[in-house]
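Novice: structural data only, the sequence is not supplied:
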């Protein structure tokens, strides 16, 4: 009788172990790639991580660190400047605007006895040339 109980316990343990291994290996139980927070394989690609020519400056945020003259503009001017930068379709129109904007901010800085720093990044280089459209 002991051998029957022993064999039964061994068979039951084998079934439980096999079932557990099968459940862990099934693709339905494994998390898939996610598009954000929550269960899955991480954060997933953000909408700005994809090469979308329609949104070359997606996610860009203006701040004192990347916009010379930021502190010389009113909040309304900052919003208009940021919207204008996001609207450009070619590198040339962006460069022309930035040159004019930098000159205006330079005049404001000079009037206040300040020195306008040089731009820290070349935002317009992210855009395609006008002939590339």
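Specialist: Yes, it's here. None of these values were measured; they are calculated from a predicted model.
Novice: any low-confidence regions in this structure?
Specialist: Applying pLDDT under 70 to the chain flags the ranges 1-2, 19-66, 132-133.
Novice: would you map the helices across it?
Specialist: According to DSSP state H, the chain carries its helices in the segments 2-25, 75-87, 91-111.
Novice: how about the second one: buried residues?
Specialist: Using 16 or more other C-beta atoms under 10 Å as the burial criterion, the residues of helix 75-87 that qualify are 78, 81, 85. C-betas here are computed from N, CA, C, even on glycine.
Novice: can you tell me what sits against stretch 67-80?
Specialist: 62-64, 81, 101-102, 104-106, 108-109, 112, 114, 116-120 (C-beta atoms under 8 Å, 6 or more residues apart in numbering).
Novice: before we move on, back to that, quick one: the buried residues of helix 75-87 as TSV, columns for distance to residue 91 too.
Specialist: Listed next are the buried residues of helix 75-87 as TSV, based on distance: C-beta to C-beta, whole Å:
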residue	distance to residue 91
78	23
81	18
85	12
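Novice: tell me the one of those nearest residue 18?
Specialist: Closest approach between these and residue 18, by C-beta to C-beta: residue 85, at 61.3 Å.
Novice: for residue 123, see how far away that closest one is.
Specialist: Distance, residue 85 to residue 123, using C-beta to C-beta, to the nearest Å: 7 Å.
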